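> next come a sequence and a model predicted from it.
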Amino acid sequence: MTANNIILMYKGVISRALIDSLLQLTESKLERIEGVKRVRKRVFSVLVECLQNVYLHSPQEVKYEEAQAGDVLPRYSALLVLGRDDNGYFIITGNPVDSEKARWLQNHIEKLNSMSREELENFYMQMMSEGGWDEKGAGLGLIEIIRKSQGPIEYSLEPVDGNFYFFTLKVIVPTENSQASQQAQNE
Amino acid sequence: MNDMVKKLEIEATPKTPMVDFDPESGVLKLEGRSIPENAFQFYEPILQWLDEYVNNAPPSTELVFKLDYFNTSSSKALLSMFRKLEKLLEAGKQVKIKWYYEEGDEDMKEAGIGYSNLVKVPIELVEVPEL
């Protein structure tokens, strides 16, 4: 990943207003640089799900709605990188999670990564019609991210002091002519 | 009629759709995009409105669906909405969903097909050059 490949990068606290700004920026950039509607829409959708996951699942310190001047910055910031290379668009997010969440993420992602396209579709439909619906969203975000991208998704969980891990997620959305897209078509 | 619900009108925001539900004509319009962090908060009053609407609905209902994006949080809310409309079928009334999607937006088209496998209300797919 070189500087030339990066379209957008952000590090800091995540608030709803910030998500709005990042999405707006991304949408206007994509309009200019990506001619294929299906790809533009997929990148945007993946970004929505990634950012909202970061927002919903970060510990309280990382997100606040109205920062006041003089507020102490939290120790761990959220991170977002959007770029494009030969494989297509890449979206990287990073945020701290507690150890319980870390365990859940590992199990969930490993499970999803092992599923075939068809199994993923069925699982999505099943979770959508039967799963619970709580304030933290439908629990469908990761499934949707894999469905819309060139799955499997890459992730890492690095321990950072005490009870926390830094969770990094990398998603690739292939462009029409990318190598990844060719591979997917050959499968 | 005294116990009919009132028109439901909600203005669009950058993350939530325009809602224009007319209980007299039976035309229920949902347009824009639906990407709120907490879809439950946004859709709960709409679902409540629908609960009342189906008890006193006109002979025919048409839900006009014109969203360019919806997030996973919204997808469950939408399913709940469509399931509430199923009650109209049980009451012997006509109901259908017109699912608009943009030319080139395969994902939105497939989402419509996906929902048509989950709900009994007929979903008509309508392709347009732009939403």
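Perfect, I can see it now. Numbers count the residues shown, from 1 in each chain, chains lettered A, B, ... in the order given.
> what residues does chain A put near chain B?
A:16, A:19-20, A:23-24, A:36-38, A:41-42, A:44-45, A:48-49, A:52, A:55-56, A:125, A:128-129, A:131, A:133-135, A:137-138, A:140-141, A:143-144, A:148 (CB under 8 Å from any CB of the partner chain). The way it works is simple: take the backbone N, C-alpha and C, and place the C-beta from them, glycine included.
> tell me where the longest helix sits in chain A.
helix A:37-57 (DSSP state H).
> hmm, who's touching whichever helix or strand comes after that helix?
Per DSSP states H and E, the first helix or strand lying C-terminal to helix A:37-57 is strand A:78-85. The contact list for strand A:78-85 (CB atoms under 8 Å, 6 or more residues apart in numbering or on different chains) reads A:1, A:5-14, A:22, A:26, A:33, A:43, A:47, A:50-51, A:54, A:58, A:62-63, A:89-95, A:168, A:175.
> who does strand A:78-85 pair up with?
With DSSP bridges as the test, strand A:78-85 is paired with strand A:6-12 (antiparallel), strand A:88-98 (antiparallel).
> now do the helices in chain B.
B:39-53, B:72-90, B:106-118.
> which residues touch the second one?
I take that to be helix B:72-90. A:49, A:52, A:128-129, A:131, A:133, A:137-138, A:140-141, A:143-144, B:34-40, B:42-43, B:46-47, B:50-51, B:54, B:57, B:61, B:63, B:70, B:94-95, B:97, B:111, B:115, B:118-121.
> if any of the residues of chain A next to chain B are buried, give me the PyMOL selection for them.
What follows is the PyMOL syntax selecting those of the residues of chain A next to chain B that are buried according to 16 or more other CB atoms under 10 Å in any protein chain shown:
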select buried, chain A and resi 16+19+23+38+41+42+44+45+48+49+52+55+56+125+128+133+137+138+140+141+143+144+148
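> what is the burial count for B:Pro14?
Residues within reach of B:Pro14, counting by other CB atoms under 10 Å in any protein chain shown, total 11.
> leaving out chain neighbours, which residue sits closest to it?
Closest residue to B:Pro14 apart from its sequence neighbours, by CB to CB, 6 or more residues apart in numbering or on different chains: A:Asp20 at 5.9 Å.
> what sits up against the helix or strand that neighbour falls within?
For A:Asp20, the host element (DSSP H and E) is helix A:16-33. Applying CB under 8 Å, 6+ apart, the external contacts of helix A:16-33 come out as A:7-8, A:10, A:12, A:40, A:43-44, A:47-48, A:51-52, A:55, A:65, A:80, A:82, A:84, B:14-15, B:35, B:37.
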